[in-house]
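> following is a predicted model, sequence given first.
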Amino acid sequence: MSAALATSTYGDLHWARVGQGRWDAATLFESLASTGPACLLESAVQPPRTGRYSIVCPTANAMVVGKGGSITFAEPGVEVARPLAGDPLHLLRRLLRERVRPEVAGLPPFQCGVVGLLSYELVRHWERLPATTVDDTGLPDLYLLVADRCVVVDHRDAVIWVMARGEGEAGWVGETAARLAGAPPPTVAAPPFTLADLPRSHWRQDEYEERVGQVLAYIRAGDIFQANLAHRFAAPVASGEAWSLYRRLRAINPAPFATFLRGAGFAVVSASPERLVRVDGRGVESRPIAGTFPRPTGAAPLAATTAALTRDPKERAEHLMLVDLIRNDLGRVCLYGTVEVDELLANERYSHVVHLVSNVRGRLHPKRDRVDVVRACFPGGTITGVPKVRCMEILDELEPFARGPYTGSIGYFSDAGAMDLNILIRTAVVTGGRCLFHAGGGIVADSNPAREYRETLHKAAALLEALGATTGTHPSPPHPRR
């Protein structure tokens, strides 16, 4: 092993910087991550506003795991997990306050901290929802890793930061930095991830369209303006690890908020294009996506498609309603008069679709903190609808299965105060011998049910391709009609 590089230290934080060389976030994860819980937050595509950093948390010093009314604090090597009582967000606030310390200038915003999953179901702790969906996975509502070691790739400057907190951790920082500086990434030949059968939706096309009609009835009755209705695909796993699926998905559909989370008995694989919310200092920023066209193939001009998307009345109406919702969410935690839309109706292009995207920002009120921001914004309005709570009630009525991680968030809470959370769309969950993923679309007053169904297939196309399937692989539901 190469000799340890010199490290810098401030308080109990140690760090070293090396050139990126041929390493990327995925090869760093393969080389450094333990076989236990670990997390990768990857900007696999680097737009200027969203894609500067990728973060590898190769191990967990402790885990906070919540399900229903039960929350535990588990530490590696400690046989019995410690039960915790209270609102999950209050417990998160307490954990973050115990770990907070001054930001070190010049380092990336993540300077060790807490990373992990906030499931969509977490919202049931502070909003009264019917809870009529079936939870057939048992996945946690909250799954957080306390990460005292991390490696951060700065894509803009092509450098790698190795960081760790704690007494004795300077040695790990120096040795890891020397290893990355001294050798190219190893070649890892992992077996492919394969399915035993084709992915199938729990609804046929006519069933999905029927429920779109029910959403439209709620819109006509004045209950809501827009709702995001999703259906779930499922398939049995034949062989391979979820990491191989992530590797293939990132190659097919690189995304600025991609993530791989390995938990106890499950894995989350995501090529998310969407930020839920970010806090940096007192700045708060959300980047809603609403409005989708399929990306043209062959010689069809991409510019013409993006221009048509921007002009489309239905897509614009959906987008502007949701921008207003995000403005309202941020207004609950930001100083009056500071919330603004600094980018409106921009285009972002991905492997199979193009999207309308805006950026909403504000200044955090001095009496509010990161956890208040989560409570105000979670789950994202772009994947629930307007108004948010009534839409979630209707989705509980129409969607048969609990969403679980889908449309929740994975991201980080830095010990130095920053936070960045994605929205888990274009996301698969591997658990219990099955691979599950959802696809949905925003329904507004002039939505066409058949077109909305086709849009969900366009959104599912990258995952289906990564799984070796196509959008024609779900002719009948594997579950009884509800």
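That came in fine, so what should we check first?
> what sits against residue 237?
By Cβ atoms under 8 Å, 6 or more residues apart in numbering, the residues touching residue 237 are 193, 194, 195, 196, 430, 433, 434, 435. Where C-beta positions appear, they are placed from N, C-alpha and C, glycine not excepted.
> ok, the second one - contacts?
Right, residue 194. Contacts for residue 194 (Cβ under 8 Å, 6+ apart) come out as 237, 238, 239, 240, 468.
> make a PyMOL selection of the buried ones in those residues.
Burial among the contacts of residue 194 is assessed by 16 or more other Cβ atoms under 10 Å; the matching PyMOL selection reads:
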select buried, resi 237+240
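> tell me the one of the contacts of residue 194 nearest residue 167?
residue 240 (39.7 Å; Cβ to Cβ).
> ok, and the closest non-adjacent residue to the closest one?
Excluding the flanking residues, the one nearest residue 240 by Cβ to Cβ, 6 or more residues apart in numbering is residue 193, at 3.6 Å.
> show the average pLDDT along the lengthiest strand in the chain.
Ranked by number of residues, the top strand in the chain under DSSP state E is strand 226-239. Taken as a whole, strand 226-239 has a mean pLDDT of 98.
> quick one: the helix or strand following it to strand 226-239, angle?
Next along the chain after strand 226-239, taking DSSP states H and E as the criterion, comes helix 242-252. Calculated by axes from the mean of the first three to the mean of the last three Cα atoms, to 10 degrees, helix 242-252 forms an angle of 120 degrees with strand 226-239.
> for helix 242-252, output the C-alpha coordinates as CSV.
Extracted as CSV, the C-alpha positions of helix 242-252 are listed here (Å, rounded to 0.1, in the frame of the first residue of the first chain):
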residue,chain,number,x,y,z
ALA,A,242,-28.6,-4.4,-7.5
TRP,A,243,-25.3,-2.6,-7.9
SER,A,244,-25.0,-4.1,-11.4
LEU,A,245,-28.5,-2.7,-12.2
TYR,A,246,-27.3,0.7,-11.0
ARG,A,247,-24.2,0.5,-13.2
ARG,A,248,-26.3,-0.3,-16.3
LEU,A,249,-28.9,2.4,-15.5
ARG,A,250,-26.3,5.1,-15.1
ALA,A,251,-24.8,4.2,-18.4
ILE,A,252,-28.2,4.3,-20.2
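> buried stuff in it?
Residues of helix 242-252 classed as buried: 242, 243, 244, 245, 246, 247, 248, 249, 250, 252 (neighbour count, 16+ other Cβ under 10 Å).
> OK, contacts around the second one?
Each residue near residue 243 by Cβ under 8 Å, 6+ apart is listed here: 30, 190, 260, 262, 267.
> would you mind giving these as a markdown table with pLDDT and secondary structure added?
Shown next, in a markdown table, are those (pLDDT from 0 to 100; DSSP: H, G, I helix; E, B strand; the rest coil):
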| residue | pLDDT | secondary structure |
| --- | --- | --- |
| 30 | 95 | helix |
| 190 | 84 | coil |
| 260 | 98 | strand |
| 262 | 98 | strand |
| 267 | 98 | strand |
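> closest to residue 207 among those residues?
The closest of the contacts of residue 243 to residue 207 turns out to be residue 267 (Cβ to Cβ; 29.0 Å).
> the bottom helix or strand of the chain by mean pLDDT?
Using mean pLDDT, DSSP states H and E, the weakest-scoring helix or strand in the chain turns out to be strand 82-84, at a mean of 85.
> what strands line up against that strand, and which way round?
strand 70-74 (antiparallel) (DSSP bridges).
> return the alpha-carbon coordinates of the strand it pairs with using CSV.
C-alpha atoms of strand 70-74 as CSV (Å, rounded to 0.1, in the frame of the first residue of the first chain):
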residue,chain,number,x,y,z
SER,A,70,-41.0,2.3,15.7
ILE,A,71,-37.6,4.0,15.3
THR,A,72,-34.2,2.5,16.3
PHE,A,73,-30.6,3.7,16.5
ALA,A,74,-28.3,0.8,15.6
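> doesn't residue 7 make contact with residue 170?
Yes. Under the criterion of Cβ atoms under 8 Å, residue 170 makes contact with residue 7 at 4.9 Å.
> for residue 115, see how far away residue 176 is.
Using Cβ to Cβ, to the nearest Å, we find residue 176 at a distance of 18 Å from residue 115.
> all helices of the chain, in order?
Assigned helices in the chain, in chain order: 25-32, 88-99, 170-182, 205-220, 242-252, 302-311, 313-331, 370-377, 388-398, 449-466 (criterion: DSSP state H).
> buried stuff in the fourth one?
For helix 205-220, the neighbour count (16+ other Cβ under 10 Å) marks 205, 207, 208, 209, 211, 212, 215, 216, 218, 219 as buried.
> ditto for the last one
Burial within helix 449-466, assessed by neighbour count using 16+ other Cβ under 10 Å, is assigned to 449, 452-453, 455-466.
> closest one of these to residue 380?
Comparing these against residue 380 with Cβ to Cβ places residue 459 closest, at 15.2 Å.
> just the pLDDT at the closest residue to the closest one other than its chain neighbours, thanks.
Of all residues not flanking residue 459 in the chain, residue 439 sits nearest, at 4.7 Å (Cβ to Cβ, 6+ apart). We have a pLDDT of 97 for residue 439.
> surely residue 439 and residue 208 touch.
No. If you go by Cβ under 8 Å, residue 439 and residue 208 don't touch, sitting 9.9 Å apart.
> which residues do those two both contact?
Counting by Cβ under 8 Å, 6+ apart, the residues touching both residue 439 and residue 208 are 231, 456.
> okay, buried residues for stretch 223-233 please.
Of all the residues in stretch 223-233, those buried under the rule 16+ other Cβ under 10 Å are 224, 225, 226, 227, 228, 229, 230, 231, 232, 233.
> do stretch 381-393 as well
For stretch 381-393, the neighbour count (16+ other Cβ under 10 Å) marks 381, 382, 383, 384, 385, 386, 387, 388, 390, 391, 392, 393 as buried.
> tell me the two of the residues you listed that are most distant?
The distance between the two most remote of the buried residues of stretch 381-393 (Cβ to Cβ) is 17.6 Å, for 382 and 393.
> pLDDT score for the residue nearest to residue 240?
The model's pLDDT for residue 193 equals 97.
> does it touch residue 239 like I think?
Yes. Contact criterion Cβ under 8 Å: residue 193 and residue 239 qualify, at 7.5 Å.
> now the strands: where do they sit in the stretch 51-200 of the chain?
In the stretch 51-200 of the chain, the strands defined using DSSP state E, counting those that start in this stretch lie at 53-57, 62-67, 70-74, 82-84, 113-118, 142-147, 149-154, 159-165, 194-195, 200-201.
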